[in-house]
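Trainee: here is a sequence together with a model predicted from it:
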Amino acid sequence: MPHGRSDPGRGSGAPRYPGTFLLAFQEAAAGMGWQVRRWIGDLVECADGEGKLHVVGLENLYRRARRAARADWPGLVSEFLRTVCVAESEANLPASLDAVAGQLLVRLGHPLRPMPQAARVWSLPLAGTDLCINLVIDYPNRMSYVTEQLVADSGRPGRDWLEQGLTNLRARTPAEWFQVIHQESGMLLASVGDAYDSSRALLVERLLPEVAADGCFVAVPGRDELAVLAVTARAIPHVHLLKVLAEKSYKSVPYPISGEVFWVYQGSWRPFPIAVRGQEVTVQAPPEFGDILERLGPTGQQGRESEETSPGQPQDGGGQ
């Protein structure tokens, strides 16, 4: 039985998205001559005018949509579906990596779902985390992942291409790539907005030479979000604010990555677990951080103790 316009998600279990969003999706799909075939949890299967099937993920699309006015949802969904069409209709992979060396960038995120051998994406686990690094080819209106096969065909190791991607990303990063969102601690928020802000966490020690002494705390709630706090005596009493920001943003941003805080030091990433419960803050610093606290002296120690009673909040707008 065809689904009625008033209940587009019927038959897919408990609705995960507002009916207005599902209706906006239906309207946008119909405007492109697509027919919604079935709703499968956070996926929807559609058939275009030629009968070709497209499976579209709804979660990240909805996270983007709910930041816009509902009246704009059909247009936003239409733009998204057109991008899907462009990405599927164009050749996704170049003949060689050398031909697109200047377009290589890096993407930080979670490991991708298993794929057939020929389509396996090259990735490198980010040691100390459950995240990984991928190489991508950046185009004006899309990006495509670099496959293991492309790397193998290049005759060069993936780490060489990774360094090329990092070099390209650094070259694309303007001098004013961040804004200060908390004056007292010096907390920074990346503000380039080019879909690679979280990836700049991999360059943070190059972009901010002043953090070389003791490293920095980093939060990457989503693809377009990076917050950084240099490890200093004045910053330590406020490190829990980074956790508050990360956890809040992680729950709402499109393309979420992590609600955790990491300590980045001399190229290594270490989880820096922080729990905020009301007025109580609990920090489980890695053993190596004890040397940092000793180096910072009494002010750093006092800052750690003060975290138990002064959770505070970042400035308005941080992480939004």
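Mentor: Cool, the structure landed.

Trainee: pLDDT below threshold where in the protein?
Mentor: 1-15, 84-93, 115-116, 118, 297-320 (pLDDT under 70).

Trainee: all helices of the stretch 201-320 of the chain, in order?
Mentor: 204-207, 239-250, 289-296, 298-306 (DSSP state H, counting those that start in this stretch).

Trainee: identify the residues contacting Gly102.
Mentor: Contact analysis of Gly102 by C-beta atoms under 8 Å, 6 or more residues apart in numbering lists Asn168. Every C-beta, even on glycine, is put in place using the N, C-alpha and C of the backbone.

Trainee: ok, Pro74 next?
Mentor: Counted by C-beta under 8 Å, 6+ apart, Pro74 has contacts 24, 27-28, 31.

Trainee: pull up the gap between it and Pro114, please.
Mentor: As judged by C-beta to C-beta, to the nearest Å, Pro74 and Pro114 stand 34 Å apart.

Trainee: spatially central, which residue of this protein would that be?
Mentor: Nearest to the mean C-alpha position of the chain, by C-alpha atoms, centre = their mean, lies Arg223 at 2.1 Å.

Trainee: that one contacts Ser198, correct?
Mentor: Yes. Between Arg223 and Ser198 a contact is recorded at 5.3 Å, counting by C-beta atoms under 8 Å.

Trainee: not counting residues beside it along the chain, what's closest to Asp130?
Mentor: Leaving aside its sequence neighbours, Asp130 sits nearest to His110 (C-beta to C-beta, 6 or more residues apart in numbering; 7.2 Å).

Trainee: hmm, Cys132 and that neighbour touching each other?
Mentor: Yes. His110 lies in contact with Cys132 (C-beta under 8 Å); the separation is 7.0 Å.

Trainee: of these two, who's got more company?
Mentor: Cys132 (16 against 12; other C-beta atoms under 10 Å).

Trainee: that one: what's it in contact with?
Mentor: By C-beta under 8 Å, 6+ apart, the contact set of Cys132 is 108-111, 123-126.

Trainee: and what of Ala219?
Mentor: 225-228, 242-243, 245-246, 258, 260-262.

Trainee: then Val151?
Mentor: 97, 122, 135, 157-158, 161.
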